[in-house]
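Enquirer: Next come a sequence and a model predicted from it.
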Amino acid sequence: MTEYVLTRVANGTGIITLDRPKALNSLSLDMVRALAQALQAWRDDASVHAVVIRSSSEKALCAGGDIRFFHEVGRATPMGGSALLEDFFTEEYALNHLIHFYPKPYVALMDGVVMGGGMGIAQGGPGCGLRIVTERTKMAMPEVNIGLFPDVGGSHFLSHAPGRLGHYLGLTGATVGAADGLYLGLADLFVPGERMGELLALVEATPGAALADAIRAFAAPFADGAGASELQAQRERIDAHFGADSVAGVMAALAGDADPFAQKALSMMRQRSPLMMCVTREMLERAASLDVADCLRMERALVRRNFEHGEVLEGVRALVIDKDNDPHWNPPTLDEVTPAMVARFFDPVWPDYVHPLRHL
């Protein structure tokens, strides 16, 4: 379906290679469809025992969704109401659900940049997901930076991270490495980048039915290779500050802490969309008691509200299109964000019986 998603079966393992290196494998609608088609076919194929998703480049597994496409299509239609946008998010979130509940070992080689939509295609569910990081891994849910919110199931996996670490990642958009990914529970194994060639050879040589165990055995000698987690070291500080009962409270707590870590977090938050930080915090609070499907359904309604509001269009314009790094957020300050503005994002867009993800 697209030249950017290469699929083949080797020794009982379905291998997906993302091959859009100039765009860091940013996901287009065609790429989402190609991934879903392959995974659905292999799910029901008794000769395929495991799946591996990798990149043709060590620079990135996937940097996220194609935000230039979001801007182009969203700007071309009133209120961001494009059928192509609707299809993209409906099908991407359905793909995230498929991956989370995939019934066969799903191995994600999270080498290089893995952000946003890249996290959505890497976060296989408990039991069958196997997520491998290297010293090159740069992991983030940076959506608030472009006036969006952590989607692709981010509401679920961030709200279930230890303590308030998910709130920290969601509200700051901070990038973390392998050690933090392992501590967060968003990765399973560390393999040095220089050994990835050997790991790929192992994938080719090992029968799919034995692949997961073989990968665990291969990675075992490197269990301590990722080093120390900064988030673990800062856990008490993060839990205290990000446990405040509002975004304003979080920022006030950070402002009162002279530690460089706290000041860096505060600096990041001052650049983010005030409204979308508040929406993100509310989303994570709600998601903590929801299952994966309900989280994705909530996100699907939130993304519609976001494009109606236009915050993401302005964020992409400022950071990617015009590159002036001067987004005109609406409203521009946290003091101007009202509870009603936030609540509006959570108003139902569709009756339950016609929700585009009602079948999850």
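Expert: Alright, I've got the coordinates.

Enquirer: Break down the stretch 101-250 of the chain into its helices, ranges please.
Expert: Remark: helices assigned in the stretch 101-250 of the chain by DSSP state H, counting those that start in this stretch are 117-120, 154-159, 165-172, 178-184, 196-205, 211-219, 230-233, 235-241, 247-255.

Enquirer: Out of those helices, flag the one nearest residue 105.
Expert: Comparing the helices of the stretch 101-250 of the chain against residue 105 with C-beta to C-beta, the closest turns out to be helix 211-219 (4.2 Å). All C-beta atoms are positioned from the backbone trio N, CA, C, and that covers glycine.

Enquirer: Tabulate the helices of the stretch 101-250 of the chain in TSV, adding columns for mean neighbour count.
Expert: Compiled in TSV, these are given as follows (neighbours: other C-beta atoms under 10 Å):
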stretch	mean neighbour count
helix 117-120	28
helix 154-159	25
helix 165-172	26
helix 178-184	24
helix 196-205	14
helix 211-219	17
helix 230-233	17
helix 235-241	18
helix 247-255	18
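
Enquirer: possible to save those helices as a markdown table with mean pLDDT?
Expert: Below are these laid out as a markdown table (pLDDT from 0 to 100):
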| stretch | mean pLDDT |
| --- | --- |
| helix 117-120 | 97 |
| helix 154-159 | 97 |
| helix 165-172 | 98 |
| helix 178-184 | 98 |
| helix 196-205 | 97 |
| helix 211-219 | 97 |
| helix 230-233 | 98 |
| helix 235-241 | 98 |
| helix 247-255 | 98 |
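
Enquirer: now could you export just the CA positions of the helix or strand of the chain with the lowest mean pLDDT as CSV?
Expert: The weakest-scoring helix or strand in the chain, judged by mean pLDDT, DSSP states H and E, is helix 67-76 (a mean of 77). Written as CSV, here are the backbone C-alpha positions of helix 67-76 (Å, rounded to 0.1, in the frame of the first residue of the first chain):
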residue,chain,number,x,y,z
ILE,A,67,2.2,16.9,11.4
ARG,A,68,2.8,18.7,8.1
PHE,A,69,-0.2,16.7,6.8
PHE,A,70,-2.2,17.7,9.9
HIS,A,71,-1.5,21.4,9.2
GLU,A,72,-2.1,21.2,5.4
VAL,A,73,-5.4,19.4,5.6
GLY,A,74,-6.7,21.0,8.8
ARG,A,75,-6.1,24.5,7.4
ALA,A,76,-7.8,23.7,4.1
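
Enquirer: just the strands in the stretch 51-200 of the chain please.
Expert: 60-62, 106-110, 113-115, 129-133, 138-140, 189-190 (DSSP state E, counting those that start in this stretch).

Enquirer: Compare those and say which comes out lowest on pLDDT.
Expert: Among the strands of the stretch 51-200 of the chain, strand 129-133 has the lowest mean pLDDT, at a mean of 94.
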